[in-house]
Every structure is written in structure tokens, then in C-alpha cells.
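Chemist: build the 3D model from these lines:
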Amino acid sequence: MAEVIIVKDEAEAGAIYGRCVADLIKAKPDAVLGLATGSSPLAAYRALLGIVEAESIDVSQVRGFALDEYLGLPLTHPESYHATIHRTVVEPLGLDPAKVHVPGDILEGAPLSDGERIAGAGPAYDAAIEAAGGIDVQILGIGTDGHVGFNEPGSSLASGTRVKTLTEQTRIDNARFFDDDLAQVPTHCITQGIGTILKARHLVLLAFGAGKAEAVAETVEGGVSAFCPASALQLHPHATIIVDEAAASRLRHKDYYRYSYEHKPAWQGI
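Modeler: As a prediction, the model looks like this:
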């Protein structure tokens with residue numbers, strides 16, 4: 001099962017992720033990071049930046065692959081994930097932009113109607129990840145319905161990177177990034193599939209707030225099911241789930257998770 005770490009706040013969660021990734025880069029300067037957008041990873045990226053600066057870690061060779069991208073938005077749109085990843089990760093950390101990739105980059109905002117071009121983008125992205133040697137650490141958020149990336153409930157647990165239709169709830173949740181105008185939120189995306197995500201060597205899922213409690217409980221302690229895509233993390237040999245008290249509130253075995261982490265040998269890391 002996944003390791004569950006219950007923390008007091010997002011800053012503590014970020015510090016755990018930051019230490020893990022900083023140590024990885026020290027050991028492997030050309031590490032491949034799986035990157036995610038959304039609010040949950042931001043504290044993790046800030047913590048990593050603090051460690052990189054404090055310890056003068058060279059990140060010039062670090063490579064990155066983002067989880068997903070909206071379809072139909074130009075790469076220059078401020079809410080495209082191309083722009084968001086570069087604004088929140090690449091520029092602050094000082095990564096080489098040429099080494100960081102987003103699923104929609106080769107599409108350059110192509111419309112959904114350009115079916116042949118869009119259909120080829122997913123397999124090409126998976127091939128690029130494989131050519132890079134695979135992802136070392138993939139950071140993940142989770143939706144209130146248990147989605148990871150844009151793998152909505154019902155997504156195949158063996159899926160590769162492909163085009164998906166966004167649920168109305170996901171579009172409503174994301175409207176806050178589009179001036180609360182649902183009409184501006186794209187209806188489709190290209191996302192790493194669950195099968196692609198599970199190929200990463202280490203998965204780190206972050207979740208905060210009571211609104212994520214049900215999804216976290218289903219992910220950790222429920223059955224493995226396509227109707228909670230994040231539950232596939234139970235199948236991974238090295239998955240870490242970091243949650244605050246509110247997000248952990250519906251877990252039945254909280255005391256064990258705390259005890260296990262408190263008694264974990266320091267040399268194991270996460």
C-alpha cells in the first residue's frame with residue numbers, strides 16, 4: 001500500500017517533497033521530474049526552490065514532463081499549462097525551458113477538429129518520456145472526484161496519454177482560473193493516462209482540505225476502481241500520499257499511518 005504521511009499544513013508537505021527531490025537531483029543531476037499544475041503542488045515547488053538556493057544545487061540538467069494540457073488554448077494563454085508550468089516551476093527554479101515538456105506543446109493550440117494531429121500527440125508524448133529514461137518522481141494532486149491528471153472517473157487504469165473530455169464538475173472547479181466564466185474553460189484536454197503515471201518510479205500525491213477527504217479515503221482505503229482513478233496508486237510499489245489533517249479526516253487507520261511515519265528510519269526518506 002501507499003505510504004501515508006499526515007502533516008499539519010501545506011508548508012510541511014512541501015518541505016518533505018522538496019527534500020526528496022533535492023536529494024534526487026544531487027544524486028542524479030539529470031533527474032526527470034513529473035510536474036503538475038493546480039494549487040496543491042505550489043508549496044512543494046516553493047520548498048524545492050528554497051533548498052536549491054540554500055544548498056546551491058545545480059539544476060541545469062534537470063528534465064521535466066507535465067501531466068496534462070487543455071486543448072484549444074494557445075500556448076501563450078496565461079492559463080495554458082504550458083504557460084503555467086513555465087511560470088510556476090521553470091522560471092523560479094531556473095530550469096532549462098528546452099528540457100521541460102507539456103503534452104500540448106507539439107499541438108501549439110491546434111483545434112479539436114484537427115483529429116489526426118491530436119490523436120498522434122499522446123503516443124508521441126509517452127515515447128518522449130520513455131526516451132528520457134522514464135520519470136523519477138511524479139508529483140500529483142487529486143480532484144474531489146478522485147481524478148489525477150485529467151483522468152476523470154471511469155478512465156482506464158491502463159491508459160496512456162490521450163485526449164479526454166472534462167467533466168462539468170472539473171470545468172466548474174477550474175472556472176476560477178478563467179474569471180469564473182465557465183464558457184472560457186475548455187471542454188477537452190490531453191493528459192497522461194493512469195498507465196503512464198504508474199510507470200514513474202516514485203509517485204507523490206498531495207491533498208489538502210476537507211473537500212479532498214472523501215477522495216483521499218477512497219484512494220488509500222477503498223477498492224481499486226476506475227471510478228476513483230487515484231486508487232490505482234495502491235498498485236504502485238513506491239507511492240507516497242501527503243495530506244493535512246482535514247484531508248485525512250475520513251481515513252480509518254490514521255493512528256497507524258502516524259505511528260509508522262514517526263518510527264520510520266531516517267535513511268529511508270520517502
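Chemist: all helices of the stretch 151-270 of the chain, in order?
Modeler: Applying DSSP state H, counting those that start in this stretch to the stretch 151-270 of the chain gives helices spanning 168-174, 194-198, 213-221, 254-262.
Chemist: now the spatially most central residue of the chain: closest residue in space, sequence neighbours ignored.
Modeler: Nearest residue to the geometric centre of the chain (C-alpha atoms, centre = their mean): residue 140, 2.7 Å. Of all residues beyond its chain neighbours, the one nearest residue 140 is residue 205 (4.3 Å), with distances taken as C-beta to C-beta, 6 or more residues apart in numbering. Placement of C-beta: from N, CA and C, glycine included.
Chemist: what is the neighbour count of the one you found?
Modeler: Applying other C-beta atoms under 10 Å, we find 24 residues neighbouring residue 205.
Chemist: isn't residue 211 right next to residue 143, touching?
Modeler: No - using C-beta atoms under 8 Å, residue 211 is not in contact with residue 143, being 9.8 Å away.
Chemist: of those two, which one has the most company?
Modeler: Shown here are residue 211 and residue 143; by other C-beta under 10 Å, residue 143 has more neighbours (24 against 13).
Chemist: could you check how far the more buried one is from residue 253?
Modeler: In this view, residue 143 and residue 253 are 23 Å apart by C-beta to C-beta, to the nearest Å.
Chemist: how about residue 113?
Modeler: Counting by C-beta to C-beta - residue 113 and residue 253 are separated by 49 Å.
Chemist: report pLDDT for the closest residue to residue 229 other than its chain neighbours.
Modeler: Nearest non-adjacent residue to residue 229, counting by C-beta to C-beta, 6+ apart: residue 151, 4.4 Å away. Confidence at residue 151, expressed as pLDDT, is 95.
Chemist: and what of residue 183?
Modeler: Per the predicted model, pLDDT is 94 at residue 183.
Chemist: and for the one 5 residues further on?
Modeler: Listed pLDDT for residue 188 reads 93.
Chemist: report how many residues lie close to it.
Modeler: 15.
Chemist: can you check residue 112 too?
Modeler: 13.
Chemist: got it, and residue 141?
Modeler: Neighbours around residue 141, by other C-beta under 10 Å: 20.
Chemist: what residues are up against residue 192?
Modeler: 65, 67-68, 103, 125-126, 149, 160-161 (C-beta atoms under 8 Å, 6 or more residues apart in numbering).
Chemist: if we go to 10 Å?
Modeler: Residues near residue 192 by C-beta atoms under 10 Å, 6 or more residues apart in numbering: 34, 36, 65-68, 103, 122, 125-126, 129, 135, 138, 148-151, 159-162, 198-200.
Chemist: residue 70 now?
Modeler: 77, 79-82, 103-104, 109, 150, 166, 174, 185-191.
Chemist: any quick PyMOL command for the buried ones out of those residues?
Modeler: Of those, the buried ones go into a single PyMOL selection, burial set by 16 or more other C-beta atoms under 10 Å:
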select buried, resi 77+79+80+81+82+103+104+109+150+166+174+185+186+189+190+191
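Chemist: just the ones of the contacts of residue 70 in strands?
Modeler: 188-191 (DSSP state E).
Chemist: okay, these in TSV with distance to residue 43 next?
Modeler: Listed next are the ones in strands among the contacts of residue 70 as TSV, based on distance: C-beta to C-beta, whole Å:
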residue	distance to residue 43
188	29
189	24
190	26
191	23
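Chemist: and the furthest pair within those?
Modeler: 188 and 191 (9.9 Å; C-beta to C-beta).
Chemist: overlap of the contact sets of those two?
Modeler: With C-beta under 10 Å, 6+ apart, residue 188 and residue 191 have common neighbours 70, 150, 163-164, 166.
Chemist: appreciated, that's everything.
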